[in-house]
Structure formats: structure tokens, C-alpha cells
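Asker: Make a model of this:
(one chain, ligands or ions: 2)
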Amino acid sequence: MISEKDITTRIVPSWCVGCGNFGILSSLKRAIVNLVNQGLYKLEQFVLISGIGCHGKLTNYLELNSVHTIHGRVLPVATGIKLANPDLIVIGHAGDGDAYAIGIAHLIHTAKRNIPVVYIVHNNYRFGLTAGQVTPTTELGEKTRSTPYGNPEEPINPILLALSSGATFVARGFAGDVQHLTWLIEEAIKHRGFALIDVIQPCKTWDPIHTFEYWRERVYKLENTGHDPKDLLSAIRKAIEWNGKVPIGIFYRVEKPTLIDRIPQYKIELKPVRVVKRSLAKLLEEFR
Ligand SMILES: Cc1ncc(C[n+]2csc(CCOP(=O)(O)OP(=O)(O)O)c2C)c(N)n1
Ligand code: SF4
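Answerer: Ligands and ions are numbered 1, 2, ... in the order given. You can find the predicted model right below:
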């Protein structure tokens, strides 16, 4: 049996006090520990990818194989790793700027190809690290550091976009409900196909309006409503619900062949190798 301590590095998180990223980190740790302890996966199978932004620091805090990649390119890196070794469990983390601005095209194509990776978007409706500018999910009219007179653009709807791009697992989580988000991450990891979890992640520093309390008053759980996640039309109806009532949970989940299933060469057996940070220097020696 392993515990969260076994996958925690000694680096102290430098996120602002009260940041929603803490809830995502805790949920991810719990999900991985639960799945490993159930005997479903081995620790060395997990690979985390993060982009550039506050969320990107997450990979520093976990003692797991990881890549901290460039802004907007989490999914191409995740895809490459998964296609190189399909035995790996690849989990990408991106901010809403990362995922829905510079990296938006990758979301559509990764969903369309049904690449079996998990994509966790830390959606705080702002560019966090660069000091609170507007992103594609910022509400119309909102004042941000880059829209002092109010955002003149309508926001995109990532859930609807993922559904229309062919994603086979589409969910929304809330960083303020760690138990629920842990469950969502576990289900996404077990899913055979592309899984998006858009996570409401309050940014205390650059968005004082959308606090944990604000969201807690609005979120409700899809699984308590009789919603059938196999029903695409019902998922679309739920995806456009926003004002006042914000659904969290699994909007859509279906089994479909992945890109790997559709390419016969992928029947080759590949063994995962665990590369821990301490042995990286030794490993690199082998390539001299
Ligand atoms: C190619 C490129 N463009 C722009 C930047 C500058 N940059 C760094 S982080 C960031 C946005 C971060 O916002 P988000 O992706 O939402 O992540 P958060 O910080 O909120 O977690 C930007 C634009 C960059 N590093 N690389
Ligand atoms: S700026 Fe916002 S997203 Fe970044 S660490 Fe602080 S609270 Fe979190």
C-alpha cells in the first residue's frame, strides 16, 4: 500500500494561499494513490505533463515521471508519450489560457483522434501567472487586468467544444470539492479514450468575485439529477447551462476505438520504465 506521502516531493507549493490549485493537487494525489492501492496501475505507469502558468508548477510537487512543457503544448507532448508507450497513463495539466487560447487547436484534434490521455484544465478564467489578463473563458463584461473597461468578447464553452470535437469523456469538476474531483479523476484515468476534465479553479489573487463561496452556491452534481452520460443531446443541454446553476460531474462518457486501437502496429508490447528524478543523471550517462 502507498500513501500520498510516497508521491509528494519536498518542494513547498508556491501558489498563493487559498488558490484552487491546492484542491486539484490533493484530488490528483488521492486518485493516483487509490488506483495504485486497488492494484489497477503501477506508480511507474503515470506520467504528468504541465504547461506554463501557475498550474504548471504542479509537476514539481509530485514524485512521478513528468514533463513541464511549453505554453499551450501539453496535448502534443501527452500524445507523443502515449503513442510511444501506450502502457503509460498520461495526465496533462493546463491552464485555461494554455488550453483554450494558444493550445485550443490541440484540444479539438486530440478529442477527434480519441487519444487516450487525461486532460485536466485548471480553469480560473484568467491568465494567472502573467497577472490576471483576460482568457477565452472570461465572462462578457468582466473587468480584468487587460480589460479595465470590461471584456468585450463572449466566452467559449469548453464542455460544448469538447463534445462537438468528439471527446469520449467530458466532465467538469470544482477545486472546492476534493472528494468529487478525486472521483472524476479516477473515472477519467480508467476511461479508454480522450478525457477532458474542466476544473473550476478559483484564483484568489486576480479574481476576487468568483471565490470558492461563489461557486459553492452555484454548482450541483449531474449524477444526482438522473442525467444519462451516454446521451449526447442531454450532455449538450447540460453543457449550455451556466447562469445561476452550474453542473459538475460527467456530462458524457462513451466507449469508442482510440487512435491506438485503429493502428494495427500498436499491438507491439512495450514495457514502462520508471525514471525517478534521482536516477536521471545515471540514465543520461548511458546515452553519452
Ligand atoms: C508561447 C508563449 N506565449 C506566452 C507566454 C507567456 N505566458 C506565460 S504563462 C501565460 C498564461 C498563463 O495562464 P493560464 O494558461 O491560464 O495558466 P494559469 O497561470 O492561470 O495557471 C502566458 C501567456 C509564454 N510563456 N509562452
Ligand atoms: S495567481 Fe491565482 S492561480 Fe496563480 S497561484 Fe495565485 S491564486 Fe493561484
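
Asker: got the residues of the stretch 1-150 of the chain near ligand 1?
Answerer: 52-55, 71, 95-98, 122, 124, 127-130, 135 (Cβ under 6 Å from any ligand atom). For every residue, glycine as well, the C-beta is placed using N, CA and C.

Asker: Those residues: which ones sit near ligand 2?
Answerer: When Cβ under 6 Å from any ligand atom is applied, the members of those adjacent to ligand 2 are 54, 124, 128.

Asker: Let me know whether the first one touches D96 as I believe.
Answerer: Spelled out, it's C54. No - counting by Cβ atoms under 8 Å, C54 does not reach D96; the two are 11.1 Å apart.

Asker: So for these two, which sits in the more crowded spot?
Answerer: It is D96, of C54 and D96, that has more neighbours when counted by other Cβ atoms under 10 Å, with 29 against 24.

Asker: give the contact list for the more buried one.
Answerer: By Cβ atoms under 8 Å, 6 or more residues apart in numbering, the contact set of D96 is 121-126, 135-137, 158.

Asker: Would you map the strands across the stretch 51-200 of the chain?
Answerer: Under the criterion DSSP state E, counting those that start in this stretch, the stretch 51-200 of the chain carries strands at the ranges 65-68, 89-95, 118-123, 169-174, 195-200.

Asker: circling back to that earlier point, now for C54 and D96: what residues contact both?
Answerer: Common neighbours of C54 and D96 (Cβ under 8 Å, 6+ apart) are 122, 124.

Asker: so can I have TSV of the contacts of D96 showing neighbour count and pLDDT?
Answerer: Formatted as TSV, the contacts of D96 follow (neighbours: other Cβ atoms under 10 Å; pLDDT from 0 to 100):
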residue	neighbour count	pLDDT
V121	29	99
H122	32	98
N123	27	98
N124	31	98
Y125	25	98
R126	28	98
T135	24	98
P136	19	98
T137	20	98
P158	22	98
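
Asker: In helices only, show me those residues.
Answerer: P158 (DSSP state H).

Asker: Let me have the contacts of D96 in JSON lines, adding distance to I91 as columns.
Answerer: Below are the contacts of D96 laid out as JSON lines (distance: Cβ to Cβ, whole Å):
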{"residue": "V121", "distance to I91": "12"}
{"residue": "H122", "distance to I91": "13"}
{"residue": "N123", "distance to I91": "16"}
{"residue": "N124", "distance to I91": "19"}
{"residue": "Y125", "distance to I91": "22"}
{"residue": "R126", "distance to I91": "23"}
{"residue": "T135", "distance to I91": "22"}
{"residue": "P136", "distance to I91": "22"}
{"residue": "T137", "distance to I91": "21"}
{"residue": "P158", "distance to I91": "17"}
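
Asker: closest to T8 among the contacts of D96?
Answerer: H122 (18.7 Å; Cβ to Cβ).

Asker: partners of the closest one in the sheet?
Answerer: Going by DSSP bridges, H122 is paired in beta bridges with G95, V199.

Asker: Quick check, central residue of this structure?
Answerer: The residue lying closest to the centre of the chain (Cα atoms, centre = their mean) is I120, at 0.3 Å.

Asker: residues touching R30, list them.
Answerer: 4, 178, 182.

Asker: of these, closest to ligand 2?
Answerer: V178 (16.0 Å; Cβ to the nearest ligand atom).

Asker: Now for the residues of the stretch 1-150 of the chain next to ligand 1: which two are most distant?
Answerer: H71 and N124 (15.5 Å).
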